[in-house]
Structures are given as structure tokens and as C-alpha cells.
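Participant: sharing a model that was predicted from the sequence below.
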Amino acid sequence: MIKDYFILATRNLRKRKMRSFLTLMGIFISIATVFMLVSLSLGLQGAVEEEFRALGTDKVFIQSRTGFLGPPGSESGIFLTEDDVDTVSKVRGIKDYSYFVAGNAKVEFRGQTNYLLVWGMPPERQDVYLEVGAFAAEEGRLLEKGDKDAITIGWFYPQEKVFKKQVRVGNKLEINGHDLKVKGTLERIGNPDDDKAIMMNIDTFREIFDIPTKVDVIIVQIKEGEDLNEVSDRIEDKLRKARGVTEKTQDFTIIKPEELLESFGNVLNIITAFLASIAAISLLVGGIGIANTMYTSVLERTREIGVMKAVGARNKDIRNIFLIESGLLGLIGGIIGVLLGYGVSKSIEYIAINQLNTTLLQAAAPTYLIIGCLAFGFLIGAISGTLPAVQASKINVVEALRYE
């Protein structure tokens, strides 16, 4: 019996191909939009979680409460210093540490000028920093102790994505009027900021930028077996005493990886929910389109319904045929929507990788998302067709046979 319902419903949809297609448009565009938004959100979340897994759960970041990067080339306001680095390095439970300072610089290469972010760090203490950023040399080498007028540069430079001409190992960049020789280029990270990085010895940085003591971020790696929260509390206590502040007047903050990930996840969830709610409006419009199509179909097929009832069809048979018909409209719309949404998502991923030079924006298509969208499309169709189906089942046989 159910098979017969599906056969009749499919036959009726084929008879009205153009109307069925126009009705489907509202559904599959809506499903495609929802699928695309959720797919990219899941992909972005997965990429960020992968970055944090690479970062590890044994590190904390210390920075001024006023935020990362103050006014370039100055030490005005509240900031950390190398004295704070010394204080932190003596805290029990620390395995290793690194620190850096950053500033915007005028960078020139063969007649072309760009304003770029430059990082200064002590080469002898760069291991933790390199691990955090997953930095590795692709050509040449990383900075070493004693490299005074030397730099390492990101993956973009030899790819002609920063300057019109390739920057290779052995070339020189003029940074704020100082010539520095490229010692190495880094492997691709997938993050545009990292792939445009310029790193130099912190002593050279301080000389070029005239910043004698400031530190932007201190990175601390915890010893294996130590509790990260306990060590973080020790660092906080030591820094408070060294800086002469209390819990209320504390002018620095300690950030843990899980806190960063949680904050990012909350923001991403809010954005996804907002965008999905907008897409849901188009789903409502699509549902109204199905309801309108089914109501029209009931009117057009009144005589047909009368004939079916006259030969023995029951009210529930008529109702089920119409419900399945509207559900099929939703399901087919869902299938097209999933395919379209996946195609658009992969296109955006391709553009992000090749045009925006980032691997963070990825398309994810887990099984539950595909099944969920298909089920959602079917339910939207079935719900939208419920009232027309009930109306069709209540048509009087005699009146239906008289209907012209």
C-alpha cells in the first residue's frame, strides 16, 4: 500500500514538472544556505581546534591587560618588561619559556614599499615560540644566537605575495631604514598573518624601533606532570608581587589555550546561530510555497479525488498520498540543496586557499549534517502539506464528481 502511495505521488509530481521545480527552488536554496553556513562553521571550528592541538595544552600566555601591541615604536602605557620575563622564568613548574615584542615597520624591497608587522625575539629562547606557531624553515635556516642584522621571513615572500618580486635567502629587506639579510624562509602555515611574518633578533628589534625593555607576550611551557592551573596561579602571585599590584589592580592577564578555544567557540556558535536563523526565514518561505502548490493541486484534482473515493479509496488513503507528495517535494529539495550547499562550500574553501591564502576556512560535511538536512527538508515538506492533505481527504464524493 505504501509503495502505491509513493507511485501515485511521484506520478502527480511528474505531471506538474514546472510547478514542482519552482516549488523546489524555495526549499533547495534554503537547505543549501543552511548546509553551507553550518559546513563552513564546522570546518572553521575543526581547523581552529587542530591549531590548538598543535599548540598543546601545556602552555600559557602572559600579556598586558591593555592588550597585545600598544602604540608602535613606543613604551607608553602599561606593558610587560624583561624584568617580568626574569620573574616568570624562576617560577616552580616551568619547563621552558619564550617572549617577543612586535611592531609595525616600513619594509622596502627593490623599489616597493609595504607596512608590515615585525617580530623580535631572543633566538636562544625561540623554541617554545616556534612550537606554538608550528614554524619550520623551508629554505635556509632559522635565526641563531649572534644573528644581529638577520631575519627569517614567511612563506608569502618567495611566492611574490607580499612584493612583486621574489624575496629569497640572501636577499636584503630595508626595515625602517636598516638593511637586514634574509637567513631563511618559513614553511607555509596557512594563516596570512603568519605567512607574512618577519622575525629578527630582539636586540636588533630594540635598536631599530627604539624600544629598550617592552615585552608584548611571554609564552610559558609547563613541565610534564605539573598542573597547568596551579603553575598559572604561581606565576600570577609572583608577577603581582614583582609589579606591586593586587588582585583588583592587576595589570596583566594569563591566558590558557582552552580559554582561547572556548571563547572562539562561543563567538562562532553565536554567529552560526544568527546566520542559520536568517536562512530559516527562507525555509519558511519555501514551506509556504509547498503549501500553496498542494492547495492548488487539491483544487485541480477534485474530480480525480472523487473518482478515487468512488472506487473505494478511504480518507486516509487520499491524505497519505498528498502528505507523501509534499514530503517528496521537501526531500528532493533537500537532496539538491545538500549537493548545491556542498559545492558552494568547497568553492569557498578553494577561494580561501588560493586567493585569501588561508587554510582556516574549510568545508566540513559530516554524515549527521547531510542526514539532518535531508530529514529537515522532508519534514518541512510534510508539515507544509498537512492542511492541504486533510482538506483533500474531506472532499465529498458526490460534490467532487460534479466538479468541473
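Facilitator: On my side now, so go ahead. Residues are numbered from 1 along each chain as shown.
Participant: so residue 291 sits right up against residue 391, yeah?
Facilitator: No: with contact defined as Cβ atoms under 8 Å, residue 291 does not reach residue 391; the gap is 10.8 Å. Where you see a C-beta, it was placed from the backbone N, CA and C, and this is true even at glycine.
Participant: more crowded one of those two?
Facilitator: Between residue 291 and residue 391, counting by other Cβ atoms under 10 Å, residue 291 is the more crowded of the two (19 against 16).
Participant: can you verify that one is assigned to a strand?
Facilitator: No: counting by DSSP: H, G, I helix; E, B strand; the rest coil, one finds residue 291 to be helix, located in no strand.
Participant: could you check how far it is from residue 322?
Facilitator: Shown here: residue 291 relative to residue 322, a distance of 11 Å by Cβ to Cβ, to the nearest Å.
Participant: what sits in contact with each of the two?
Facilitator: The contact sets of residue 291 and residue 322 overlap at 385, 388 (Cβ atoms under 8 Å, 6 or more residues apart in numbering).
Participant: which residue ranges form the strands in the stretch 51-200 of the chain?
Facilitator: 59-64, 80-81, 94-109, 112-121, 137-140, 150-153, 172-175, 178-186, 198-201 (DSSP state E, counting those that start in this stretch).
Participant: now the angle from the first one to strand 94-109?
Facilitator: To tie it back to what came earlier, the one meant is strand 59-64. Between the direction of strand 59-64 and that of strand 94-109, the angle (axes from the mean of the first three to the mean of the last three Cα atoms, to 10 degrees) works out to 60 degrees.
Participant: count the neighbours of residue 136 for me.
Facilitator: There are 11 residues near residue 136, going by other Cβ under 10 Å.
Participant: tell me the contacts of it?
Facilitator: By Cβ under 8 Å, 6+ apart, the neighbours of residue 136 are 130, 186, 187.
Participant: now it: how far from residue 270?
Facilitator: Distance of residue 136 to residue 270, given as Cβ to Cβ: 35 Å.
Participant: most centrally placed residue in the protein?
Facilitator: The residue lying closest to the centre of the chain (Cα atoms, centre = their mean) is residue 44, at 2.6 Å.
Participant: pretty sure it contacts residue 362?
Facilitator: Yes: under the contact definition of Cβ under 8 Å, residue 44 touches residue 362, with a separation of 6.9 Å.
Participant: ok, residue 27 touching residue 335?
Facilitator: No: no contact is recorded between residue 27 and residue 335 when judged using Cβ under 8 Å, the distance being 10.0 Å.
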